[in-house]
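Asks: Would you be able to build a 3D model of this:
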Amino acid sequence: MLFDTHMHLNAWQFKEDREDAIQRAWDAGVKYMVVVGFDHETIPLAIEIAEQNEHIYAAVGWHPVDAIDMTEKELTWIEELSEHPKVVALGEMGLDYHWDKSPKDVQKEVFRKQIRLAKKLDMPIIIHNREATEDIIQILKEEDAQSVGGIMHCYNDSVQYVQACLDMNFYISLGGPVTFKNAPLPKEVAKEVPLDRLLIETDAPYLAPHPNRGKRNEPAYVRLVAEKIAELRETSLEEIAQQTTENALRLFRISSKE
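Replies: Alright, predicted model coming up:
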């Protein structure tokens, strides 16, 4: 029983075969999924997909790349949607210094506003981090994000930052890159993270794991991520599947929703 904690079946890449992709995930042993919405188009569809599928849940937030487009209206909208029974987290939110659409100061302010909203609502947050680790950790500390905790989504940084994340009540989530032959960092992290703080994800349709790298990713492939982590930790797929699923159910408080 696997849990894909972060995917985007609401992306245009799944427009033609979304239901088939969901069925392939069920067939691969993926019982639970969280579909993440992050802008005007993907947030409503994330909730719609969650409403239509018993074991699919939604997260809603505003992506840092588009921070410049977020106003108080969007923040209020996200707050209203958070009351939906299938919404289990806020995000993805954070900082992205790779793209230059939104200035860093704007990204930081939007990030802080969403953390404060999560604290108001007592909901975990999903962190998007690209080339901004130290600033993200600083903001999480300054905003006392530890009180709600959450996920370091698709963690792809060095082991040295893992403990800081764990100390702030965050889980470490690994995706396709842990299977890449030329990606040593996530492999090191996979071996070091305490098993009770580890999550798995696909980030579908992006970052497909080996041997599907370069192709469209989909939730069924989270099994490949779990298999690689089991190999790296010298344990069984069953143990990784069971523990990461238990971790996700606990974080998202899903047992109380079923």
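Asks: Going by C-alpha atoms from here, please, whenever you check contacts or count neighbours.
Replies: Noted.
Asks: Show me where the stretch 51-200 of the chain has its helices.
Replies: 72-81, 104-121, 133-142, 162-167, 184-192 (DSSP state H, counting those that start in this stretch).
Asks: Rebuild these as a markdown table, extending it with distance to Pro211.
Replies: Shown next, in a markdown table, are the helices of the stretch 51-200 of the chain (distance: least, CA to CA, whole Å):
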| stretch | distance to Pro211 |
| --- | --- |
| helix 72-81 | 37 |
| helix 104-121 | 35 |
| helix 133-142 | 29 |
| helix 162-167 | 27 |
| helix 184-192 | 16 |
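Asks: possible to save those as CSV with mean neighbour count, mean pLDDT and distance to Pro209?
Replies: Compiled in CSV, the helices of the stretch 51-200 of the chain are given as follows (neighbours: other CA atoms under 10 Å; pLDDT from 0 to 100; distance: least, CA to CA, whole Å):
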stretch, mean neighbour count, mean pLDDT, distance to Pro209
helix 72-81, 15, 98, 31
helix 104-121, 19, 98, 29
helix 133-142, 15, 98, 23
helix 162-167, 16, 97, 22
helix 184-192, 19, 96, 12
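Asks: Looking at these, which is nearest to Gly175?
Replies: The closest of the helices of the stretch 51-200 of the chain to Gly175 is helix 184-192. By CA to CA, the value is 8.7 Å.
Asks: Next, the residues that contact the closest one from outside, please.
Replies: By CA atoms under 8 Å, 6 or more residues apart in numbering, the surrounding residues in contact with helix 184-192 are 155-159, 162, 174, 177-179, 229, 232-233.
Asks: With stretch 13-25 instead?
Replies: For stretch 13-25, using CA under 8 Å, 6+ apart, the contacting residues are Leu9, Lys31, Pro205, Arg216, Glu218, Pro219, Ala220, Tyr221.
Asks: Please tell me which one of those counts the most neighbours.
Replies: Pro219 (32 neighbours; other CA atoms under 10 Å).
Asks: who are the neighbours in contact with the closest residue to Leu140 other than its chain neighbours?
Replies: Excluding its sequence neighbours, the residue lying closest to Leu140 (CA to CA, 6 or more residues apart in numbering) is Gln146, at 7.4 Å. By CA under 8 Å, 6+ apart, the residues touching Gln146 are Leu140, Asp167, Met168, Asn169, Phe170.
Asks: Check Ser236 too.
Replies: Going by CA under 8 Å, 6+ apart, Ser236 touches Glu227, Ala230.
Asks: mind redoing it with 10 Å?
Replies: For Ser236, the contact set (CA atoms under 10 Å, 6 or more residues apart in numbering) comprises Ala226, Glu227, Ile229, Ala230.
Asks: Let's see which of the residues you listed end up in helices.
Replies: Ala226, Glu227, Ile229, Ala230 (DSSP state H).
Asks: from the residues you listed, which is closest to Glu131?
Replies: Taking the ones in helices among the contacts of Ser236 together and measuring to Glu131 by CA to CA, the closest member is Ile229, at 24.0 Å.
Asks: so that closest one touches Ile200, yeah?
Replies: Yes. Ile229 is within contact range of Ile200, at 9.2 Å (criterion: CA atoms under 10 Å).
Asks: Next, show the common contact partners of those two.
Replies: The contact lists of Ile229 and Ile200 share Leu174, Gly175, Arg223, Ile240, Ala241, where a contact means CA under 10 Å, 6+ apart.
Asks: Output those in CSV, with neighbour count appended to each entry.
Replies: Formatted as CSV, the shared contacts of Ile229 and Ile200 follow (neighbours: other CA atoms under 10 Å):
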residue, neighbour count
Leu174, 29
Gly175, 30
Arg223, 24
Ile240, 26
Ala241, 24
